[in-house]
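Asks: Got a sequence here, can you build the structure:
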Amino acid sequence: MSFVTHLRCPRCGRTYSADEAHNVCECGAPLLVEYDLAAMRRLSPADLWPASRGMWRYAPFLPVKDPSNIVTLGEGGTPTLRAPRAGAAARIDNLWIKDEGLNPTGSFKARGAAAGVSKAKELGIAAVAMPTAGNAGGAWAAYGARAGIQVHIAMPKDAPDINKQEVRRYGGHLTLVDGLISDAGKLIAAEAKAHGWFDVATLKEPYRIEGKKTMGLELAEAWGWTTLPDVVVYPAGGGVGIIGIWKAITELRAIGWTAAPMPRFVVVQAAGCAPLVKAWDEGKDVSEFWQGAATVASGLRVPKALGDFLVLQALRESGGAAIAIPDAEILRFGALLAETEGLWAAPEGAATLAAAAELRGRGWIRDGESVVLINTGSGLKYPEV
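Replies: Numbers count the residues shown, from 1 in each chain. Got it, this is the predicted structure:
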């Protein structure tokens with residue numbers, strides 16, 4: 001089923017077994033899942049599972065070896081919708097929106113949770129723990145319940161109420177903290193060590209990124225494999241999704257399924273928390289901790305991402321860009337998207353339309369280019385925004 005071979009550190013090159021539970025490399029960097037790409041060259045799109053299997057359609061590209069370990073709630077297979085009226089407002093002729101709000105638990109976090117929990121089940125892990133800004137906690141609690149794995153979550157006290165309710169409803173163990181996701185992360189790191197829980201914080205385990213990778217596989221399939229979108233606009237907190245999409249297309253190119261140019265990636269952050277944008281503007285390889293992080297887009301309130309160097313690498317290699325959007329513009333473009341396309345996007349998703357409009361105004365997005373916005377979640381989870 002799977003062509004997984006090992007885990008690799010993208011910073012120092014150390015390798016680890018994919019049949020054992022690992023967090024980060026000895027050097028502190030995230031670990032990435034590697035596959036036998038030479039063997040995968042024998043595959044064709046005809047070898048994929050039926051579309052009804054959602055993201056597990058792409059099982060050969062995923063790390064779960066035994067199909068009996070797959071934990072699914074029907075995630076993946078989300079639509080990529082043409083958005084002509086929103087495109088007209090942004091002066092982009094060929095605008096598309098990938099609506100991840102239609103996933104179980106209402107966000108793209110379901111993809112990462114499905115892959116992470118499935119692999120945890122395969123590795124015999126009984127309890128996991130993680131900090132969250134909101135949606136990831138609800139997703140991991142839901143998939144943990146499905147798998148019979150204990151889930152321990154810490155999140156900021158001012159996270160959206162629906163995210164707190166999700167964790168509790170799915171039987172997760174919730175701790176609220178004064179502060180940000182970074183403060184929740186310190187608590188989880190200590191508690192996981194003390195109790196023997198497996199820490200599944202963003203990029204502290206290798207498998208969440210593989211679930212997010214399926215967004216890139218779906219985009220490539222939607223474009224017929226032979227071509228790809230010109231621009232992909234992604235709202236980045238931890239940035240796992242953009243790393244995943246970049247990884248997916250890199251693997252597709254390696255096995256010969258596409259020879260199309262890599263899309264130019266755009267990282268969108270909130271003006272009140274934009275460490276990746278600041279690092280990009282300053283030409284740095286890593287970001288600095290963002291002091292006083294504040295934004296209506298709770299998923300973007302991540303003051304320092306463990307995989308920041310990978311996000312910035314994806315931008316450099318694709319000829320991409322990074323842009324920060326004020327909260328007022330996030331709200332304005334969220335309303336515009338709802339009124340023109342009938343799509344109530346999460347504020348993180350609304351930020352992508354604001355960013356695309358700004359980049360079009362600068363001439364960075366050119367006439368006729370296909371532009372895909374990643375709406376990471378449903379606006380129904382943010383009734384106060």
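
Asks: Distance-wise, check the residue nearest the centre of the chain relative to Ala18.
Replies: Closest residue to the average C-alpha location of the chain: Gly241 at 2.7 Å, with C-alpha atoms, centre = their mean. According to C-beta to C-beta, to the nearest Å, Gly241 stands 22 Å off from Ala18. Backbone N, C-alpha and C define where each C-beta goes, glycine included.

Asks: ok so, going back, so what's the residue nearest to the centre of the chain up against?
Replies: For Gly241, the contacting residues are 108, 212, 215, 234, 374, 376, by C-beta atoms under 8 Å, 6 or more residues apart in numbering.

Asks: cutoff 7 Å now
Replies: By C-beta atoms under 7 Å, 6 or more residues apart in numbering, the contact list for Gly241 reads 108, 212, 215, 234, 374.

Asks: go on, Lys212?
Replies: 108, 111-112, 240-241, 244.

Asks: That one and Ile374: what is the separation?
Replies: Here Lys212 is placed at a distance of 10 Å from Ile374 (C-beta to C-beta).

Asks: just Gly76 next, same as before
Replies: Between Gly76 and Ile374 the computed distance is 14 Å (C-beta to C-beta).

Asks: Over to Leu228?
Replies: According to C-beta to C-beta, Leu228 stands 14 Å off from Ile374.

Asks: Which one's more surrounded, those two?
Replies: More neighbours surround Ile374 than the other of Leu228 and Ile374, with 27 against 23 (other C-beta atoms under 10 Å).

Asks: Tell me which helix or strand that one sits in.
Replies: Per DSSP states H and E: Ile374 is located in strand 370-375.

Asks: next one: Met130
Replies: strand 127-131.

Asks: following that strand, which helix or strand shows up next?
Replies: Sequence order places helix 135-147 as the next helix or strand after strand 127-131, per DSSP H and E.

Asks: Lys157 and Asp178 touch, don't they?
Replies: Yes: if you go by C-beta atoms under 7 Å, Lys157 and Asp178 touch, sitting 6.1 Å apart.

Asks: which residue ranges form the strands in the stretch 151-300 of the chain?
Replies: All strands of the stretch 151-300 of the chain, identified by DSSP state E, counting those that start in this stretch, fall at 173-177, 198-199, 231-235, 264-270.

Asks: Distance-wise, check Phe265 relative to Glu317.
Replies: Distance of Phe265 to Glu317, computed by C-beta to C-beta: 9 Å.

Asks: er, Ala59 actually
Replies: In this view, Ala59 and Glu317 are 27 Å apart by C-beta to C-beta.

Asks: Of those two, which one has the most company?
Replies: Of the pair Ala59 and Glu317, Ala59 is the one with more neighbours under other C-beta under 10 Å, namely 19 against 12.

Asks: Pretty sure that one sits in a helix.
Replies: Yes: counting by DSSP: H, G, I helix; E, B strand; the rest coil, Ala59 is located in a helix.

Asks: Nearest residue to it in space, please, no chain neighbours.
Replies: Of all residues not flanking Ala59 in the chain, Met1 sits nearest, at 5.3 Å (C-beta to C-beta, 6 or more residues apart in numbering).

Asks: got the contact list for the one you found?
Replies: Taking C-beta under 7 Å, 6+ apart, we find Met1 in contact with 59, 65, 67.

Asks: Kindly present the residues you listed as a markdown table, with separate columns for pLDDT.
Replies: A markdown table is the format used below for those (pLDDT from 0 to 100):
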| residue | pLDDT |
| --- | --- |
| Ala59 | 97 |
| Lys65 | 97 |
| Pro67 | 96 |
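
Asks: Closest to Ala356 out of these?
Replies: Ala59 (32.7 Å; C-beta to C-beta).

Asks: Correct me if wrong: the closest one contacts Trp49.
Replies: Yes: at 5.8 Å, Ala59 counts as touching Trp49 under the criterion of C-beta under 7 Å.

Asks: does Leu95 sit in a helix or strand, and which one?
Replies: Using DSSP H and E, Leu95 falls within strand 94-99.

Asks: Report all helices and strands that that strand contacts.
Replies: Contacts defined by 3 or more C-beta pairs under 7 Å, 6 or more residues apart in numbering; DSSP states H and E place strand 94-99 against strand 80-82, strand 370-375.
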